[in-house]
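Enquirer: Pasted the sequence and its predicted model underneath.
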Amino acid sequence: MKIGITCYPTYGGSGVVATELGKALAKRGHQIHFISYAMPMRLNGFVENIFYHEVEMSSYPLFDFPLYTPALASKMVEVAKFEKLDLIHAHYAIPHATSAYLAKQVLNDENLRIITTLHGTDITLVGLEPSFLPVLKFSIEKSDGVTAVSRFLKEKTLTNYSINKDIEVIPNFVDTDLFKRIDSGSIRKSIAPNGEKILIHTSNFRPVKRVMDVIKIFHAVVKNVPSKLILVGDGPDRSSCENLSRELQVNDHVKFLGKQAELVELLSAADVFLMPSQSESFGLSALEAMACEVPVISSSVGGLPELVVHGETGYIAEIGDIDRMAKYAVELLTNDARRDIFAKAGRRRAIENFAIEKIVTLYERHYERILNTAHSDLHP
Ligand code: GMT
């Protein structure tokens, strides 16, 4: 198949999923055309069957805001026409599904199929704003195929937007050959020179991730267990978190590492992964941690209970229940045998349920089904 993929190219789970999916499909012989405003973060170097088309953004004094939606649609038109795309796969609906719909109308070609994957705040937060809602609902309904990364997200979409559409749940995935526990002795030695335990959190530091809770949980943990906290990523809440760690006087034990391209070695050095999010439709970074044998302690929101099995691969607690999350962390950090059982169970779950080969096949089947169904049946 000839497939156009549009995603946000920066740090963030939807861009990671889109890029890894494209790479895996290219390996299977499909021709993949990424269309975005910058090269997706995890796409570097020459890869057979992968092409990248940059959306050109022009500025004009009359425009107070960048007009990305039509610019993206125009690039989609060009790529679809000249590369003879079978389908465009839009990751994160706003505004990608809208641009894709527009491109299809411009081309007036019902054989070009549009598939939209819903990832998270496109549905649970941003999409609900009145300035987006009607256009988002329309764009989802006009997509030929729609997938959601968890059952939770599917249900939210159907109820919040009164959408009457078949949505297939295709969960996120991880390459368990790459994401596996490796020797990380040197990192451990440098971060925890006295054999302290290591907690880790990775995110884009947006308010929805509640990174301040991570600091508060750690503050409670370090009183009981000699430990260190690694924070990977960057974003709007980083300075507040740095301030909080100083206020709580744990700053000597907290390492802010900023954005890191290489996660496996860091995850492999960790004993517990913290994800206390306010909202999380799937929690890709928690899955990557599980694949690296790191038990996850998370909030019970969104799709997280579909990923983390309470009492088996980690623990879940109510949003903001810092005491409980700290208690769970202390329990795992003071019981090596139990932590090891959780770690192995997490890896097993990642392999059995979320391995890249299995999930990419689900996407391939979804594409085939949408391509082989008459347009009139897709939009009765
Ligand atoms: O939804 C967002 O705010 C951004 C998006 C992203 O690009 O990182 O995150 C969502 O998609 C990820 C990939 O499917 C999921 O793992 C995240 O759980 C989800 N984030 C939220 O729901 C907050």
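Expert: The structure has been received and is ready for your questions. Just so it is clear, the model here is predicted, and its values are computed rather than measured.
Enquirer: what does the stretch 201-350 of the chain have sitting close to the ligand?
Expert: V208, S279, E280, S281, F282, G283, L284, G302 (C-beta under 6 Å from any ligand atom). In this view, the C-beta of every residue, glycine as well, is placed from N, C-alpha and C.
Enquirer: hmm, try it at 8 Å
Expert: 204, 206, 208-209, 277-285, 287, 302-303 (C-beta under 8 Å from any ligand atom).
Enquirer: of all those residues, which comes closest to T19?
Expert: L284 (11.9 Å; C-beta to C-beta).
Enquirer: And the closest one, its phi and psi?
Expert: Per-residue torsions, L284: phi -60, psi -40 (degrees, to the nearest 10).
Enquirer: Go ahead and confirm it touches V17.
Expert: Yes - assessed by C-beta atoms under 8 Å, L284 is found in contact with V17 at 6.6 Å.
Enquirer: which residues are common contacts for those two?
Expert: N172 (C-beta atoms under 8 Å, 6 or more residues apart in numbering).
Enquirer: gap between the closest residue in space to K137 that isn't next to it in sequence and F138?
Expert: For K137, ignoring the flanking residues on the chain, the nearest one in space by C-beta to C-beta, 6 or more residues apart in numbering is Y161 at 4.6 Å. Distance from Y161 to F138, counting by C-beta to C-beta, to the nearest Å: 10 Å.
Enquirer: of the two, who's got more company?
Expert: The neighbour count for Y161 versus F138, taken as other C-beta atoms under 10 Å, is higher for Y161 (19 against 15).
Enquirer: Now do the contacts for that one.
Expert: Here Y161 is in contact with I123, G127, L133, L136, K137, I140 (C-beta under 8 Å, 6+ apart).
Enquirer: Give me the neighbour count for whichever residue of the stretch 51-200 of the chain sits closest to the ligand.
Expert: Relative to the ligand, the nearest point of the stretch 51-200 of the chain is G120 (2.6 Å; C-beta to the nearest ligand atom). Neighbour count for G120, taken as other C-beta under 10 Å: 28.
Enquirer: So E141 sits against I163, correct?
Expert: Yes - counting by C-beta under 8 Å, E141 touches I163, with 6.1 Å between them.
Enquirer: more neighbours, those two?
Expert: Under the criterion of other C-beta under 10 Å, the comparison of E141 against I163 puts I163 first, with 18 against 15.
Enquirer: wait, doesn't that one sit right on L136?
Expert: No - I163 lies out of contact with L136 (C-beta under 8 Å); the separation is 9.7 Å.
Enquirer: Show me this protein divided up by domain.
Expert: Domain assignment for the chain by automatic domain parsing gives 2-171+356-378, 185-354.
Enquirer: Can you check which of those domains gets nearest to L178?
Expert: Nearest to L178, of the domains of the chain and by C-beta to C-beta, is domain 185-354 at 6.7 Å.
Enquirer: So G127 versus S203, what's the distance?
Expert: 21 Å.
Enquirer: how about the strands in the stretch 151-300 of the chain?
Expert: 167-169, 197-202, 227-232, 254-258, 272-275, 296-299 (DSSP state E, counting those that start in this stretch).
Enquirer: same for the second one, what does it pack against?
Expert: Meaning strand 197-202. Packing partners of strand 197-202 (3 or more C-beta pairs under 8 Å, 6 or more residues apart in numbering; DSSP states H and E): helix 211-222, strand 227-232, helix 264-268, strand 272-275, helix 284-291, helix 322-333.
Enquirer: How about the fourth one?
Expert: Counting contacts by 3+ C-beta pairs under 8 Å, 6+ apart, the secondary-structure elements packed against strand 254-258 are strand 227-232, helix 238-247.
Enquirer: just the fifth one next, same as before
Expert: In this structure, strand 272-275 packs against strand 197-202, helix 211-222, helix 284-291, strand 296-299, helix 322-333, with contacts taken as 3+ C-beta pairs under 8 Å, 6+ apart.
Enquirer: quick one on the thing from earlier: can I get the buried part of the contacts of Y161 as one PyMOL selection?
Expert: Command for PyMOL that selects the buried part of those, burial taken from 16 or more other C-beta atoms under 10 Å:
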select buried, resi 123+127+136+137+140
